[in-house]
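Enquirer: pasting the structure only:
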């Protein structure tokens, strides 16, 4: 089932007037990449899928699922902002695949057994503090916020570079060593650790940008009853190599220029390919202008989803724009309702 799209602003915002200098964050470019609303709403060609794509991801899942629970909670502290009235906050650590120690935070309801467990996954900036999206959280939600391997103050390691354009290249010589596979395993371990802590509860997923793109992989296998992906990246990989965006893709494009063979590995880490295997009801919040994650890739993830899906469209992503506070608030209301709909 595909719901009609929800457009928070205009299908044709005046980008040339807003960004008339043609520069955002020092990047000279036009961040629609030539795709207007009608073009973005037209599904494109799917990227080629490796013959052993599902077998590879099943093996990553099996390694993650084979680990015993290792979650350790710190002492309870005051939750941030309005959540202080309903939740307590704990620092946490657990062990993921490759014996990688993952840190982060857990938010637990004060007065009730959790009705829903939520896994919230960050963007490529990682996490230095518990950046809870308070408008997305209900009083009876339990939430885990992992810092995926190599990202965030509590999950760094000397052998993995931290900046996004360098992190995204770590281990790219092979699908079996590429860091993004380990990051998805970290997500699955975080989900399992929270479920083991709280007992049975519906589990739902929210990821933004980096966490949105990885969410397409995490959703394979039906671990979550509902999900929302905000400006998801990592797809379609062949098309991304021709679009000069900033952020992590700049690192990939630089490597691809002298090592085109990385596309053979990236084929296993294409969020559009993963989305074709996702039947979980999923909302995608996508942007019409985005200098970091080309909009055509965000919309492609939505089009490829195999199950019930809903699209929310905002004017721009990864940058400021007129009316952004209003659209962000409206987007969060839509995501909250979606994540909290009954199964």
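Expert: Received the coordinates, thanks. Here the structure is a predicted model, which is why all the values come from computation and not from measurement.

Enquirer: and the top helix by length along the chain, which residues are buried?
Expert: As assigned by DSSP state H, the longest helix anywhere in the chain is helix 179-198. By neighbour count on 16 or more other C-beta atoms under 10 Å, the buried set for helix 179-198 is 179-195, 197-198. Where you see a C-beta, it was placed from the backbone N, CA and C, and this is true even at glycine.

Enquirer: with stretch 324-338 instead?
Expert: Per 16+ other C-beta under 10 Å, stretch 324-338 contains these buried residues: 324, 327, 330-332, 334-336, 338.

Enquirer: nearest residue to residue 173 in space, please, no chain neighbours.
Expert: Of all residues not flanking residue 173 in the chain, residue 265 sits nearest, at 7.4 Å (C-beta to C-beta, 6 or more residues apart in numbering).

Enquirer: show me what contacts the one you found?
Expert: Residue 265 is in contact with 172-175, 178, counting by C-beta atoms under 8 Å, 6 or more residues apart in numbering.

Enquirer: do the same with residue 32
Expert: By C-beta under 8 Å, 6+ apart, the neighbours of residue 32 are 15, 288-289, 295.

Enquirer: quick check on it: phi, psi?
Expert: Dihedral angles of residue 32 (phi, psi; degrees, to the nearest 10) stand at phi -90, psi -20.

Enquirer: what of residue 7?
Expert: Here residue 7 shows phi and psi, under degrees, to the nearest 10, equal to phi -100, psi 120.

Enquirer: in this structure, what residue spans correspond to helices?
Expert: Going by DSSP H, the chain shows helices at 15-18, 37-40, 53-65, 164-167, 179-198, 210-218, 237-240, 248-258, 262-266, 271-275, 295-304, 324-339.

Enquirer: and of the ones you listed, who's closest to residue 79?
Expert: Residue 79 sits nearest to helix 179-198 of all the helices of the chain, at 15.9 Å, using C-beta to C-beta.

Enquirer: for that closest one, what is the average pLDDT?
Expert: What helix 179-198 shows for mean pLDDT is 97.

Enquirer: great, nothing more from me.
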